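J.: Build me a structure from this.
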Amino acid sequence: MSLHWTLIAGFLYAEIGLLLLLLVPFISTRMWKAVFKSRFLKGLESQMSYYFYVLVAILILFFLESIREMQKYSSEEQQQKTADHPSHLDAQMQLNMRLFRAQRNFYIAGFAL
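T.: Coordinates of the predicted model:
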C-alpha cells in the first residue's frame, strides 16, 4: 500500500479506536462531560473546523480517485473477456491485482468518510 493510502487507513483505524473508547461503559458520563467541557478542547474547537473541512475534502478526492481506478480496471477486464484471443495468465493476474487494490482503496476511503 502506498503512503497516502496507509495514512487514510490509519485515519480510519484511529476513528474506530476513538469510537470504541467512547463506547467503554466503565468511564462515567461526568468524566466525559469534564473532558469535553475543558478549556483545552474549547480552544482547539475554533481552530479545528478549518482542518476538518480540508480533511473531508482530501478524503472525498481519494474516494473519487478510487472510483475512477475501479472503473478503469473493470473496463479493461471486460475488454479482455470480449477479445478474440486469450490473454496471458500473467496479464490477467496483474489486472486482477490492480482491480483488487482499487476496490480495497474504495472501501478504505468510503469507510473513512
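J.: Now for this protein, the helix or strand with the poorest mean pLDDT.
T.: helix 29-36 (a mean of 78; mean pLDDT, DSSP states H and E).
J.: list the buried ones in the helix or strand harbouring L12?
T.: Assigned by DSSP states H and E, L12 belongs to helix 3-22. Buried residues in helix 3-22, defined by neighbour count with 16 or more other C-beta atoms under 10 Å: W5, I8, A9, F11, L12. (Each C-beta comes from the backbone N, C-alpha and C, glycine too.)
J.: wait, which of those is closest to S46?
T.: Of all the buried residues of helix 3-22, F11 has the smallest distance to S46: 22.1 Å, by C-beta to C-beta.
J.: what angle sits between the helix holding L12 and helix 29-36?
T.: Angle, helix 3-22 to helix 29-36, by axes from the mean of the first three to the mean of the last three C-alpha atoms, to 10 degrees: 140 degrees.
J.: any idea where the helices of the chain begin and end?
T.: Taking DSSP state H as the criterion, the chain contains helices spanning 3-22, 29-36, 39-82, 89-112.
J.: Show me what the longest one packs onto, helices and strands only.
T.: Judged by 3 or more C-beta pairs under 8 Å, 6 or more residues apart in numbering; DSSP states H and E, the packing partners of helix 39-82 are helix 3-22, helix 89-112.
J.: Make CSV from these and add distance to Q71 and mean pLDDT to it.
T.: Putting those into CSV (distance: least, C-beta to C-beta, whole Å; pLDDT from 0 to 100) gives the following:
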stretch, distance to Q71, mean pLDDT
helix 3-22, 18, 84
helix 89-112, 9, 81
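J.: picking up where we left off before, run the chain-centre distance for the helix holding L12.
T.: 9 Å (C-alpha atoms, centre = their mean, to the nearest Å).
J.: ok, now stretch 54-70?
T.: For stretch 54-70, the distance to the chain centre is 8 Å (C-alpha atoms, centre = their mean).
J.: again with stretch 100-109
T.: With C-alpha atoms, centre = their mean, you get 8 Å for stretch 100-109.
J.: Same question for stretch 92-105.
T.: On C-alpha atoms, centre = their mean, the centre of stretch 92-105 falls 17 Å from that of its chain.
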